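[1] I'd like to go over a predicted model; first the sequence, then the structure.
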Amino acid sequence: MLTSRVLNPPPATEAEEWLSPRDVCNILHIPKQTFYQWRVNRQGPRAHKVGRHVRIIRSDFETWVYEHLEA
């Protein structure tokens, strides 16, 4: 007999802010095409599909920016 399991997400201490590709492009002053090229080549910040939309968690974006700063 199969039982259904409900997976509960871990409790969030603080709600994460989600960014759209447009938000990321505006912050970095890059064309949208650049963002999507990075996404295809797995070079940009980690992104998630939410339905048919692409979203980036702000903390992931900030970590990615920090890791890619040139000294």
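    Arrived safely.

[2] show me where pLDDT drops low in this structure?
    1-14, 71 (pLDDT under 70).

[3] Listing partners with orientation, what would you give for the strand ranked longest in it?
    For the chain, the strand with the greatest residue count under DSSP state E is strand 53-57. Take DSSP bridges as the rule and strand 53-57 pairs in its sheet with strand 18-19 (antiparallel), strand 48-50 (antiparallel).

[4] among those, which is nearest Val65?
    Within these, the stretch nearest Val65 is strand 18-19; the backing value is 11.5 Å (CB to CB). C-betas here are computed from N, CA, C, even on glycine.

[5] Please compute how far that closest one lies from its chain's middle.
    On the basis of CA atoms, centre = their mean, to the nearest Å, strand 18-19 is displaced by 7 Å from the centre of the chain it belongs to.

[6] As JSON lines, the strands paired with strand 53-57 with distance to Val65 and mean neighbour count would be great.
    Output for the strands paired with strand 53-57, formatted as JSON lines (distance: least, CB to CB, whole Å; neighbours: other CB atoms under 10 Å):
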{"stretch": "strand 18-19", "distance to Val65": "11", "mean neighbour count": "18"}
{"stretch": "strand 48-50", "distance to Val65": "17", "mean neighbour count": "9"}
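
[7] Name whatever forms a beta bridge with the residue minimising distance to the centre of the chain.
    With distances taken as CA atoms, centre = their mean, the residue of the chain nearest its centroid is Ile56 (2.0 Å). With DSSP bridges as the criterion, Ile56 is bridged to Leu19.

[8] Looks like it contacts Leu19 (just checking).
    Yes. Counting by CB atoms under 8 Å, Ile56 does reach Leu19; the two are 4.6 Å apart.

[9] just to revisit the earlier point, after the longest strand of the chain, next one along is what?
    Going down the chain from strand 53-57, the next helix or strand is helix 58-67, by DSSP states H and E.

[10] what angle separates that next one from strand 53-57?
    Helix 58-67 runs at 70 degrees relative to strand 53-57, counting by axes from the mean of the first three to the mean of the last three CA atoms, to 10 degrees.
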